[in-house]
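**Q** I'd like to go over a predicted model; first the sequence, then the structure.
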Amino acid sequence: MATSEQIKSLIRSHCDNDRERFLTIALQVAAHEAKKGHDGIAHDIRSLVDKAKSGSGKVIPFNREFSDLVLASSPSTQISELILAREKCDRIQRIILEYRQQDKLKKHGLGNRKKILLAGPPGTGKTLTASVLASELKLPLFTILMDKLVTKFMGETSAKLRQIFDLIRARRGVYLFDEFDAIGAERGRENDVGEMRRVLNSFLQLIEQEKSDSLIIAATNNAKILDHALFRRFDDILYYDLPTTDEIIRLIKNRLCEFKPAKMSLKTTIMAAEKLSHAEIGQACDDAIKAAILSDRQKVTATDLKAMLKERRSAYGYSSS
């Protein structure tokens, strides 16, 4: 049987939502049982730990009160999956490092970066970045469903927003406000609505007062329409762009993996991928892989890949290359 200290540590790590520590202690329990000659129990525990480690993207059960406002998940996305400029990856690594060593910063009266604004075109890696941060920090990812948050009834959206911030304080995690411009648009715009001004004012006050250990991430496709007062409320602002030539090559190689053809004309492939986002290039690679599988081929042909890339371009009205 596990020692009383191990049982207490398991309960503490579960309550703290510290998945990595929980699994580590579980392995310690397995080792303890093996030493006592309980090989069957030790084997079962190790198998359960291996199964837990191999699982990805599992949905976390949620209280009914928040189930219509927040989508909770446990991503396992590694930072190596982010194909971005080195400078941007370094800044994401800095957020991770500061979070992990926040106690060291607190001793000097400093805080870690915990309120992050991500801005850029759709499909360029903003949501993926939130998944990476959650995965690397062993935290759950809570995505705020903006279509459920914003309502037409006076005062209801602000009330729901306060509920979200209550949750942020009560349950440590990475909180993603996707399509943030739904509530963060600049006050005084031509199509401005008085109710949304009040919602934005509420958000400004709530994020200013927020002192929890959670990470708050706001993502927008159009930073230009955000209210200027928002920018100083964030500890870091990362701007995303369509992939560069080098990133296109890395994206294709990473996505095709063992299906990558031995020879490929990079010049014509890059031309076919111009103006496409990271996500669109990834989807085109997946389509090319599926074509190879259905044709009983072990490699993607350059012709198939270019055709899939051009198909994506034509869907957005881009001229063929």
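**A** All right, it came through fine. Numbers count the residues shown, from 1 in each chain.
**Q** Now the residue lying closest to G282 once chain neighbours are set aside: which helix or strand?
**A** Leaving out its chain neighbours, the residue that sits closest to G282 by Cβ to Cβ, 6 or more residues apart in numbering is R255, at 5.3 Å. For every residue, glycine as well, the C-beta is placed using N, CA and C. Assigned by DSSP states H and E, R255 belongs to helix 245-256.
**Q** what's the burial count for K211?
**A** K211: 9 surrounding residues under other Cβ atoms under 10 Å.
**Q** Give me the phi and psi for it.
**A** Main-chain torsions, K211, degrees, to the nearest 10: phi -130, psi 20.
**Q** Give the buried residues for stretch 148-161.
**A** Buried residues in stretch 148-161, counting neighbours by 16 or more other Cβ atoms under 10 Å, are found at L149, V150, T157, S158, K160, L161.
**Q** continuing past the lowest-mean-pLDDT helix or strand in the chain, what's the next helix or strand?
**A** Within the chain, confidence by mean pLDDT, DSSP states H and E is lowest for strand 58-59 among all helices and strands, at a mean of 46. Remark: after strand 58-59, the chain's next helix or strand is strand 70-74, criterion DSSP H and E.
**Q** Please, where are all the strands along the stretch 51-200 of the chain?
**A** For the stretch 51-200 of the chain, applying DSSP state E, counting those that start in this stretch gives strands covering 58-59, 70-74, 115-119, 141-144, 174-177.
**Q** The residue nearest to G282 reaches D286, doesn't it?
**A** Yes: taking Cβ atoms under 8 Å as the definition, R255 is a contact partner of D286 at 7.1 Å.
**Q** do you know how far L82 is from K275?
**A** Distance of L82 to K275, given as Cβ to Cβ, to the nearest Å: 21 Å.
**Q** quick one: which of those two has more around it?
**A** Taking other Cβ under 10 Å, L82 and K275 do not tie; L82 has more neighbours (16 against 12).
**Q** Who has more neighbours out of R255 and D286?
**A** Taking neighbours as other Cβ under 10 Å, R255 and D286 compare with R255 leading, 22 against 14.
**Q** Run through the residues that contact the more buried one.
**A** Listed by Cβ atoms under 8 Å, 6 or more residues apart in numbering, the contact set of R255 reads I281, G282, C285, D286.
**Q** Tabulate these in JSON lines, adding columns for distance to L105.
**A** Formatted as JSON lines, these follow (distance: Cβ to Cβ, whole Å):
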{"residue": "I281", "distance to L105": "38"}
{"residue": "G282", "distance to L105": "36"}
{"residue": "C285", "distance to L105": "40"}
{"residue": "D286", "distance to L105": "41"}
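**Q** Which one (most neighbours) among those residues?
**A** Going by other Cβ under 10 Å, I281 tops the contacts of R255 with 26 neighbours.
**Q** next one: stretch 147-164 to chain centre, how far?
**A** 24 Å (Cα atoms, centre = their mean, to the nearest Å).
**Q** Now the terminal residues of it, how far apart.
**A** One end of stretch 147-164 to the other measures 14 Å (Cα to Cα, to the nearest Å).
**Q** Now it: average pLDDT?
**A** For stretch 147-164, mean pLDDT is 76.
**Q** Just checking, which helix or strand succeeds the helix or strand encompassing T268 along the chain?
**A** Using DSSP H and E, the element containing T268 is helix 266-273. Downstream of helix 266-273, the first helix or strand assigned by DSSP H and E is helix 278-294.
**Q** list the buried ones in that next one?
**A** Residues of helix 278-294 classed as buried by neighbour count (16+ other Cβ under 10 Å): 278-285, 287-289, 291-292.
**Q** neighbouring contacts of whichever helix or strand comes after that helix?
**A** Using DSSP H and E, the helix or strand that directly follows helix 278-294 along the chain is helix 302-315. Contact with helix 302-315 is made by 252, 256, 261, 263-265, 268-269, 272-276, 280-281, 283-285, 287-288, 291-292, 319-321, as judged by Cβ under 8 Å, 6+ apart.
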